[in-house]
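**Student:** Structure of the sequence below:
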Amino acid sequence: MVEGRCVATNLPWIIDEQVLSRAIPAAKVRLLNDLEAAGHGVLVLPANELRALQVGAPKRGNMAVIAAGTGLGEALIVREGDRKVVIATEGGHTDFAPRGDLEEDLLRYLRKEFGRVSVERILAGPGFFNLYRFLRDTGWAEESPEVADRVRSGDPAAVITSRAASDGDPLCVKVVEMFVSIYGAEAGNLALKTLAVAGVVVAGGIAPRIIDWMTTGSFMTAFKDKGRLSPLMDAIPVQVALNPKAPLLGAAEVACQLI
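**Tutor:** Just a heads-up that it's a prediction; the model follows:
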């Protein structure tokens with residue numbers, strides 16, 4: 001979205017603040033990127049709706065928000081004096097950066113299908129099935145006929161995460177483990193690129209549903225594995241937003257500011 005006008009990439013829509021203002025009609029209309037709304041939302045969440053993955057040692061400065069859901073969103077929260085300004089990005093569409101042989105094989109696998117591979121191809125709801133297909137097709141683990149049937153007939157992400165948790169299906173477990181590790185690595189990349197010394201918040205619909213996996217340590221291990229800057233990563237607070245309505249709360253907060 002640029003200058004109050006959005007040309008959607010996944011729908012044949014063009015949305016414009018001025019056109020909406022006349023059509024509703026409304027004196028003021030403001031379009032928000034979904035992660036911009038989420039950024040405003042996490043700022044007003046109470047403490048009991050945030051789960052700490054790392055307490056860290058917060059400093060006065062920037063924050064960042066990363067959110068895997070139907071897609072992958074990233075936003076920056078910049079401190080200007082006593083004011084916090086939320087800045088939208090399209091960071092989810094940056095290139096996937098593999099770490100190690102398995103992820104390099106994953107990149108090659110996905111490149112055959114998609115050409116360029118963005119990190120959103122993995123860190124989003126459809127990414128669970130992309131990981132599942134990669135691990136299945138490369139022979140990492142044998143596919144359960146029951147899981148295969150449920151994946152074909154239902155929501156693959158929901159099936160994979162539920163089977164990983166309920167009966168420890170080896171293929172599904174490995175999918176979730178890879179997802180969480182790659183998620184942590186990308187959250188760490190975002191923290192470095194934005195110097196988010198005041199904290200990183202993991203929002204979106206997926207993290208609360210796999211919160212037990214998020215707290216096993218692999219997310220934070222990948223988050224902090226940044227070579228010479230690992231000590232900096234140790235100090236950055238990391239929290240999961242447990243309230244999936246954070247973007248709606250953020251939109252409401254912005255609407256109140258417009259009144």
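**Student:** mean confidence score for stretch 9-20?
**Tutor:** Average pLDDT, stretch 9-20: 84.
**Student:** who's in contact with that stretch?
**Tutor:** For stretch 9-20, the surrounding residues in contact (CB atoms under 8 Å, 6 or more residues apart in numbering) are 4-8, 26, 29-31. No exception for glycine: its C-beta is placed from N, CA and C like everyone else's.
**Student:** which one of the residues you listed is nearest Val197?
**Tutor:** Distance ranking of the contacts of stretch 9-20 against Val197, using CB to CB, places Arg30 first at 28.9 Å.
**Student:** my guess is the closest one meets Glu253, correct?
**Tutor:** No. Assessed by CB atoms under 8 Å, Arg30 is found out of contact with Glu253, at 11.5 Å.
**Student:** quick one: the spatially closest residue to Leu31 that is not a sequence neighbour and Gly250, what's the gap?
**Tutor:** Leaving out its chain neighbours, the residue that sits closest to Leu31 by CB to CB, 6 or more residues apart in numbering is Glu17, at 5.4 Å. Using CB to CB, to the nearest Å, one obtains 17 Å as the distance from Glu17 to Gly250.
**Student:** Compare the two (neighbour count), which wins?
**Tutor:** Gly250 (27 against 17; other CB atoms under 10 Å).
**Student:** The more buried one belongs to a helix?
**Tutor:** Yes. Counting by DSSP: H, G, I helix; E, B strand; the rest coil, Gly250 falls inside a helix.
**Student:** returning to what we had before: just the buried residues out of the contacts of stretch 9-20, in ChimeraX syntax.
**Tutor:** Paste this into ChimeraX to select the buried members of those, with burial taken from 16 or more other CB atoms under 10 Å:
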select :6,29
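**Student:** what's the spacing between the spatially closest residue to Gly4 that is not a sequence neighbour and Tyr109?
**Tutor:** Excluding the flanking residues, the one nearest Gly4 by CB to CB, 6+ apart is Glu17, at 3.7 Å. Separation of Glu17 from Tyr109 (CB to CB): 41 Å.
**Student:** hmm, back to that, pick out the lowest-pLDDT one from the contacts of stretch 9-20.
**Tutor:** Ala8 (78).
**Student:** contacting residues for that residue?
**Tutor:** By CB under 8 Å, 6+ apart, the residues touching Ala8 are 14-15.
**Student:** Then Val173?
**Tutor:** Applying CB under 8 Å, 6+ apart to Val173 gives the contacts Ala164.
**Student:** Now it: phi and psi?
**Tutor:** Torsion angles at Val173 (phi, psi; degrees, to the nearest 10) stand at phi -60, psi -50.
**Student:** isn't Glu104 right next to Phe96, touching?
**Tutor:** No. Contact criterion CB under 8 Å: Glu104 and Phe96 do not qualify, at 10.4 Å.
**Student:** out of those two, which sits in the busier spot?
**Tutor:** Neighbours were counted for Glu104 and for Phe96 using other CB under 10 Å; Phe96 has more, 21 against 11.
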